[in-house]
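Enquirer: need a 3D model of the following:
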Amino acid sequence: MSAVITTLIIILLMIVALGIVWVVVRNVLQGSQEQVEIEEECRQVDLEIKALTVEDADGDGAWDDYSITLSRAGTGKNATRVKIVLSNNAQNSTVIDFGYTLTPLSTLTNSTIDNVGVTNATHIGITPYFLSSTGNEEFCTNTITKEI
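Expert: The predicted structure is shown next:
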């Protein structure tokens, strides 16, 4: 009788141990799957800086009012968001959210980018990102830069 109970306890402990291992493995696989999906979507995003103008729209003498037009090709399926950094030889702007979501085959302009901490910008960098299923910003590794 004692051998049967010992065998049952060992079997139950093995089932519990397998359950714990399965939970850990499943969580790792799910996290990896989402990262792979984001990386695949990033590879399919084809953005282009169509136009960038800088002016002194508010008349304060600082050329720090920007209008940026971005275009997205037809590849990919998810909506893409974009972060922007403007720079000159001395400084970088704060990181700016473009403010619009680019879907495939869309071209959008944001003409309200001002007071970003950089005047007379000479370069622009844009980085696409997606929102994960948990709402976190997942940035693509491909930053597109252009000289103004």
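Enquirer: which elements pack onto the helix or strand hosting residue 13?
Expert: Here residue 13, judged by DSSP states H and E, is contained in helix 2-44. Counting contacts by 3 or more Cβ pairs under 8 Å, 6 or more residues apart in numbering; DSSP states H and E, helix 2-44 is packed against strand 123-131. (Glycine included, C-beta is placed from N, CA and C.)
Enquirer: who touches the strand it packs on?
Expert: Residues from elsewhere that reach strand 123-131 (Cβ atoms under 8 Å, 6 or more residues apart in numbering): 38, 41-42, 45, 47, 49, 52, 68, 70, 78-88, 98, 137-140, 142-148.
Enquirer: which among those count as buried?
Expert: By the neighbour-count criterion of 16 or more other Cβ atoms under 10 Å, the contacts of strand 123-131 include these buried positions: 38, 41-42, 45, 47, 49, 52, 68, 70, 78, 80-87, 98, 138, 140, 144.
Enquirer: so which of those residues are in strands?
Expert: Helix and strand membership here follows DSSP state E; of those, those in strands are 47, 49, 52, 68, 70, 81-87, 138, 144.
Enquirer: between these, which sits nearest residue 1?
Expert: When those are compared for distance to residue 1 (Cβ to Cβ), residue 138 comes out closest, at 57.7 Å.
Enquirer: ok, the closest one to residue 53 distance?
Expert: Summarising the geometry, the distance separating residue 138 from residue 53, computed by Cβ to Cβ, to the nearest Å, is 30 Å.
Enquirer: try residue 42
Expert: Distance from residue 42 to residue 53, by Cβ to Cβ: 28 Å.
Enquirer: so for the chain, the centremost residue is which one?
Expert: With distances taken as Cα atoms, centre = their mean, residue 129 lies nearest the centre of the chain, 1.9 Å away.
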